[in-house]
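Trainee: from the sequence below, what's the structure:
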Amino acid sequence: MQKTSLAIASAGAFVAALSTSLVAVSAPVIARDLAATPADVSWVLSAYLLAVSSLLALAGKLADVLGRKRVYLTGFVFFVAGAAMCAAARDLFALVGARVLQGAGAAMLMAVGPAIVTRAVPPAARARSLGIQLAATYLGLTLGPSAGGLLAAEIGWHAVFVTIAGAGAIGLAVSIARLPADTPNDRASLGLGALDLPGAALFALGLSALLVALKRTHEDGWTGRPVLLVGALSLVTFAIFARHCALHASPLLPLGLFRKPAFAFGVLGATLLYAVTFMLAYLLPFQLQRHAGLSPAHAGLFMTAQPATMAVVAPLSGAIADRWGPRVPSAAGMLAIAGGMAAVASSSGAPDTRLVLSLALVGVGAGLFVAPNTALVMGAAPRERQATAAAMAATARNVGMALGIAVAASLDRSIGFRGALFVATGLGVLGALVGVVRPVAASGAA
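Mentor: Have a look, this model is predicted:
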């Protein structure tokens, strides 16, 4: 049962990661074919991440109520349908809309996958098993850049989404056949009335307003009136959301979990990690294809260095954390990311051996950080709230991705590719400090 559950959760992680990496490297081709600017086409990535981020916590709670298997299979159905609609899209508006549907399915997969693993394996093997699931994520990230670049260059970007839909359909079939059924003890004693739909709407509005404000800096600058007004709307909405969660009997995001230092620092670290790495993931394809003149396939081969290294390091990191704790891999991982970002910035993304080594260093850092971080977050949550905790952690990751893309797009226009990556370097150093402090806080809480 342990191996089967781990394999099923890994399948969901693989297709979700494959979707992200295939589309990221195809963004310049989509921009060219649809006559869109880089800022406009960034919504193809951001809309997906916005849907994921807005629905993850709700999906996790739904899984706690209805059962993991039911929600997981529904996620695959939405994911495949959304990818098929993306393949059929003929304009940017239709493509972005279909990505929202695909993101809704991905939210269910991401919310439930870690909970399936955590429920199936004993605590002593938790970090190692989550590391294996993360290796499946990194396998999808590894195959995506080269495969996406080749498909976009030789057939067209529509073929990218056909591939995503096909991979998701295979995952759905395997999950239907092999995913173990839930037991009554796997479900919380809550009804559907406990689902916090107003909270979900407030969170989605606040995050949407924040992304719009960041993207408006392209036209209006950081102090432009539209940016300030929409930014203020985001802050007010998040304040109302926090108050709502504090008063609601069963809130979308249980704020009590954040009183556990391990959980709070883990969520902060995940947000920083993914913001930093997705700043690079968004900027580098445009740098390699538009400024260095590489084809999408050639650019994808360069970008493979980071996720390939992550796939190798993540399982080893889980084993290290199981034996010696999360402090060393967490802090060392973020420092490695910061160093890799600085190296890419110093080289201005020139397509050479130095770029490959720099991206590999970023991959080593991410692989070191993620497995211990995920295990720490999941271990801090009670058993009956595992899916909710997994959804909250995944929400932090996807918010980090969305913010990273939005900030990178804005900084690229104002201070350029190198300047944006030096900002990412600073965020990586901050993440290293979080990795050092977090275990101390966790032990203090114990």
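
Trainee: okay, CA-based contacts and neighbour counts for the rest of this
Mentor: Fine.

Trainee: which secondary structure elements does the stretch of helix or strand I132 belongs to contact?
Mentor: Under DSSP states H and E, the secondary-structure element containing I132 is helix 126-154. The criterion is 3 or more CA pairs under 8 Å, 6 or more residues apart in numbering; DSSP states H and E, and the helices and strands that helix 126-154 contacts are helix 2-33, helix 92-120, helix 157-178, helix 296-303, helix 305-324, helix 353-379.

Trainee: which of those sits closest to A200?
Mentor: Ranking the helices and strands packed on helix 126-154 by their distance to A200 (criterion: CA to CA) puts helix 92-120 first, at 12.8 Å.

Trainee: run the chain-centre distance for the closest one.
Mentor: Offset of helix 92-120 from its chain centre (CA atoms, centre = their mean, to the nearest Å): 10 Å.

Trainee: what helices or strands is it leaning on?
Mentor: helix 2-33, helix 38-66, helix 68-88, helix 126-154, helix 386-445.

Trainee: tell me the mean pLDDT over the last one?
Mentor: Helix 386-445 shows an average pLDDT of 77 in the prediction.

Trainee: with stretch 204-223 instead?
Mentor: Here the average pLDDT along stretch 204-223 is 84.

Trainee: same deal with stretch 153-169?
Mentor: 90.

Trainee: for the helices and strands packed on helix 92-120, give me JSON lines that also has distance to L355.
Mentor: Written out in JSON lines, the entries for the helices and strands packed on helix 92-120 read as follows (distance: least, CA to CA, whole Å):
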{"stretch": "helix 2-33", "distance to L355": "16"}
{"stretch": "helix 38-66", "distance to L355": "22"}
{"stretch": "helix 68-88", "distance to L355": "32"}
{"stretch": "helix 126-154", "distance to L355": "15"}
{"stretch": "helix 386-445", "distance to L355": "13"}
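
Trainee: from V364, how far off is P372?
Mentor: Distance, P372 to V364, by CA to CA, to the nearest Å: 14 Å.

Trainee: looking at those two, which is more packed in?
Mentor: Taking neighbours as other CA atoms under 10 Å, P372 and V364 compare with P372 leading, 30 against 27.

Trainee: excluding chain neighbours, what is closest to A409?
Mentor: Residue nearest to A409 in three dimensions, not counting chain neighbours: A39, with 6.3 Å by CA to CA, 6 or more residues apart in numbering.

Trainee: for that neighbour, give me its contacts.
Mentor: By CA atoms under 8 Å, 6 or more residues apart in numbering, A39 lies in contact with 215, 218, 409.

Trainee: between the residues you listed, which sits nearest R32?
Mentor: The shortest gap between R32 and any of these belongs to A409, at 16.9 Å (CA to CA).

Trainee: that closest one: neighbour count?
Mentor: Neighbourhood size, A409 [other CA under 10 Å]: 25.

Trainee: give me the distance between the residue nearest in space to the middle of the chain and I155.
Mentor: Relative to the mean C-alpha position of the chain, the nearest C-alpha, by CA atoms, centre = their mean, is the one of N398, at 3.9 Å. Computed as CA to CA, the N398 to I155 distance reads 30 Å.

Trainee: check the gap between the nearest residue to P307 once chain neighbours are set aside and G148 for me.
Mentor: Once flanking residues are discounted, P307 sits nearest to T142: 4.8 Å by CA to CA, 6+ apart. Here T142 is placed at a distance of 10 Å from G148 (CA to CA).

Trainee: what sits in contact with each of these two?
Mentor: Between them, T142 and G148 share the neighbouring residues S21, with contact defined by CA under 8 Å, 6+ apart.

Trainee: more neighbours: which of those two?
Mentor: Comparing T142 with G148 by neighbour count (other CA under 10 Å), the higher total belongs to G148, at 30 against 27.

Trainee: what score does that one have for pLDDT?
Mentor: As predicted, G148 sits at a pLDDT of 80.

Trainee: would you mind writing the CA trace of whichever strand or helix holds L211 as CSV?
Mentor: If you go by DSSP H and E, L211 is part of helix 197-220. Once side chains and other backbone atoms are set aside, the C-alpha atoms of helix 197-220 remain, and they are given as CSV (Å, rounded to 0.1, in the frame of the first residue of the first chain):
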residue,chain,number,x,y,z
LEU,A,197,-16.4,29.7,0.4
PRO,A,198,-16.4,33.4,1.5
GLY,A,199,-12.9,32.9,2.7
ALA,A,200,-11.8,31.4,-0.6
ALA,A,201,-13.4,34.3,-2.5
LEU,A,202,-11.6,36.9,-0.3
PHE,A,203,-8.3,35.1,-0.7
ALA,A,204,-8.7,34.9,-4.5
LEU,A,205,-9.6,38.6,-4.7
GLY,A,206,-6.7,39.7,-2.6
LEU,A,207,-4.2,37.6,-4.5
SER,A,208,-5.6,38.7,-7.9
ALA,A,209,-5.4,42.3,-6.9
LEU,A,210,-1.8,41.9,-5.8
LEU,A,211,-0.8,40.3,-9.1
VAL,A,212,-2.6,42.9,-11.1
ALA,A,213,-0.9,45.7,-9.1
LEU,A,214,2.5,44.1,-9.8
LYS,A,215,1.8,43.7,-13.5
ARG,A,216,0.5,47.3,-13.8
THR,A,217,4.0,48.6,-12.8
HIS,A,218,4.9,47.9,-16.4
GLU,A,219,2.7,50.8,-17.6
ASP,A,220,2.4,53.0,-14.5
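
Trainee: which parts of the following helix or strand past it are buried?
Mentor: Beyond helix 197-220 in the direction of the C-terminus, DSSP H and E gives the next helix or strand as helix 225-247. By neighbour count with 16 or more other CA atoms under 10 Å, helix 225-247 contains the buried residues 226-228, 230-235, 237-238, 240-242, 244-245.

Trainee: again with stretch 348-362
Mentor: Of the residues in stretch 348-362, those buried under the neighbour-count criterion (16+ other CA under 10 Å) are 348-351, 355-362.
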